[in-house]
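1. I would like to see how this sequence folds:
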Amino acid sequence: MKEERLGYFAPDISLGARRVSEQTISKEYSRKLVGRLKGTFDASQLTFVGGAFDGKVGKSHHFMPHLPPFPLDYDVSLEEVAAFNVVLPKVTEALVSTKGKGSSEGNYVREIGGNDHNNLITIAVDLASKGAYESGTVIRVVFGATDRMPVRALSYLLPALSLMDGMEQDGIKPPQLQIIFANHISSTLNKMNHAHAAEESRRFTGVAQEYIQEFFPKLSGSTIFLEDTPLEKNSLLRDRLLHVTRSLKEMVPFETREALINKGNNGARRINAFYGAAHILVHDIDIPVFVPIVSEQASTVRPRSIISIGGYQEQFFYGLRHEVKPHLGRDYNEVKTLQYFTRHRVPPYYMARDGDIALDVMLSRQRDRNSVIGKAAQYDLDYLAQISSRRGDLETFFDKQRKGI
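-> Below you'll find the model as predicted:
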């Protein structure tokens, strides 16, 4: 292992080297380190969704059996071992708490996928030993096409940003956050105007970039915005979508297929099968079907581990993904996946039917302050206000956006 691979751990390297003598550093998992990891997992409040432990709160006996072999070579320096021993508990705590270091607000992430929870400790070890870039670890938040983006869509980014911020505060370079707009897939399947959906996502991207710069400035360089490629004949995205859809129809139980009929904006069986298949292409495989939505951003990290963060509606599709994946090819099962579920009850890229605030209305000063806001939407807006208030003033931010400052 080269020293520059842990360059952003420099403070921890020096700290570890000072505090731990050569006699007490072991080039394997020490009893003390294992104890710290177990303590972190036993403090977890994450409830499993799916898998053998569905409905149970995750604890050390669920996660620790999946601890991989000690990742560092035998001939690495003691300083590198010390750095790893310092960083691994911090990364693990960030992935378990998910709400950021020192955050006093209630955690918006309450649940974790139970079908791939075993990857959490492996991803933590990868991040601690290799770093975010070399390990190919990314975080993904995915938006469907919408004809009107709500303001509360900003709150959809906060669980990922809070997790990353906690790592940043510990001197750990966080994974790249990839915010993906599935505009071509979603607008085609839901029979929406793609140009209008793209306009909404670009407006949101502009505001989101400014929001991150204002409230999470250290994370601006670690956040990118992507869009899916067109569903043209013989395109890679279309071919993959057709392949997964065929497997879904052939391999998934009848009850699951029937439940899929109720998803999406229409009842067409063929369309909703495509909709389910699309989730696998976004969350489970590394294929070059996403392109930058803006030019001024970092290069896209090709994922070997994908940490997905989605709302309540994603729980069904998470289960569907893990029913289909075993029947697909090897490349659909090579990427390590991890899934968190937030408290977003209504997809935050759709206007809540019982009342919501549109982003374009907020930016144009046309908002009626007496308008009705639904309970779920208000909950998301309160979460946005709470997290933002610890870092700045949200009203002032929107005033600047209206004035184009």
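2. now residue 193. Nearest residue, chain neighbours left out?
-> Distances taken as CB to CB, 6 or more residues apart in numbering place residue 187 nearest to residue 193, at 6.9 Å, with adjacent residues excluded. Every residue, glycine included, has its C-beta placed from N, CA and C.
3. surely that neighbour is in a helix?
-> Yes - applying DSSP: H, G, I helix; E, B strand; the rest coil, one finds residue 187 inside a helix.
4. what about it, how many neighbours?
-> When neighbours are counted by other CB atoms under 10 Å, residue 187 registers 23.
5. okay but it is in contact with residue 200, surely?
-> No - under the criterion of CB atoms under 8 Å, residue 187 is not in contact with residue 200, lying 10.4 Å apart.
6. report pLDDT for the residue nearest to residue 193.
-> Listed pLDDT for residue 187 reads 92.
7. could you pull up phi and psi at the nearest residue to residue 136 once chain neighbours are set aside?
-> Leaving out its chain neighbours, the residue that sits closest to residue 136 by CB to CB, 6+ apart is residue 304, at 3.3 Å. Main-chain dihedrals, residue 304, degrees, to the nearest 10: phi -110, psi -10.
8. and for residue 57?
-> Backbone dihedrals for residue 57, given as degrees, to the nearest 10, come out at phi -80, psi 130.
9. count residues in the vicinity of the residue lying closest to it once chain neighbours are set aside, would you?
-> For residue 57, the nearest residue in space outside its immediate sequence neighbours is residue 47; the separation is 5.4 Å by CB to CB, 6+ apart. Other residues within reach of residue 47 by the criterion other CB under 10 Å amount to 16.
10. these two touch, right, residue 47 and residue 62?
-> No - with contact defined as CB under 8 Å, residue 47 does not reach residue 62; the gap is 11.2 Å.
11. intersection of neighbour lists for those two?
-> Between them, residue 47 and residue 62 share these contacting residues under CB atoms under 8 Å, 6 or more residues apart in numbering: residue 56.
12. before we move on, the earlier item: please report how far the residue nearest to residue 193 lies from residue 376.
-> Separation of residue 187 from residue 376 (CB to CB, to the nearest Å) stands at 24 Å.
13. residue contacts, residue 224?
-> When contacts are counted by CB under 8 Å, 6+ apart, residue 224 touches 176, 177, 178, 179, 292, 297, 298, 300.
14. mind redoing it with 7 Å?
-> Contacts for residue 224 (CB atoms under 7 Å, 6 or more residues apart in numbering) come out as 176, 178, 292, 297, 298, 300.
15. list only buried entries from these.
-> Buried subset of those (neighbour count, 16 or more other CB atoms under 10 Å): 176, 178, 297.
16. tell me which residues touch the first one, please.
-> Each residue near residue 176 by CB under 7 Å, 6+ apart is listed here: 132, 138, 222, 224, 298, 301.
17. what about the fifth one, which SS state?
-> For residue 298, the secondary-structure state derived from three-state DSSP is coil.
18. and the helix or strand containing residue 399, C-alpha only, in CSV?
-> Applying DSSP states H and E as the criterion places residue 399 in helix 394-403. Extracted in CSV, the C-alpha atoms of helix 394-403 (Å, rounded to 0.1, in the frame of the first residue of the first chain):
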residue,chain,number,x,y,z
LEU,A,394,-32.9,28.8,4.5
GLU,A,395,-35.2,31.8,3.9
THR,A,396,-32.1,34.0,3.1
PHE,A,397,-30.9,31.3,0.7
PHE,A,398,-34.2,31.3,-1.2
ASP,A,399,-34.2,35.1,-1.2
LYS,A,400,-30.8,34.9,-2.9
GLN,A,401,-32.1,32.4,-5.4
ARG,A,402,-35.0,34.6,-6.3
LYS,A,403,-32.7,37.6,-6.9
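19. gap between that helix and the chain center?
-> Between the mean C-alpha point of helix 394-403 and the mean C-alpha point of its chain there is a distance of 27 Å (CA atoms, centre = their mean, to the nearest Å).
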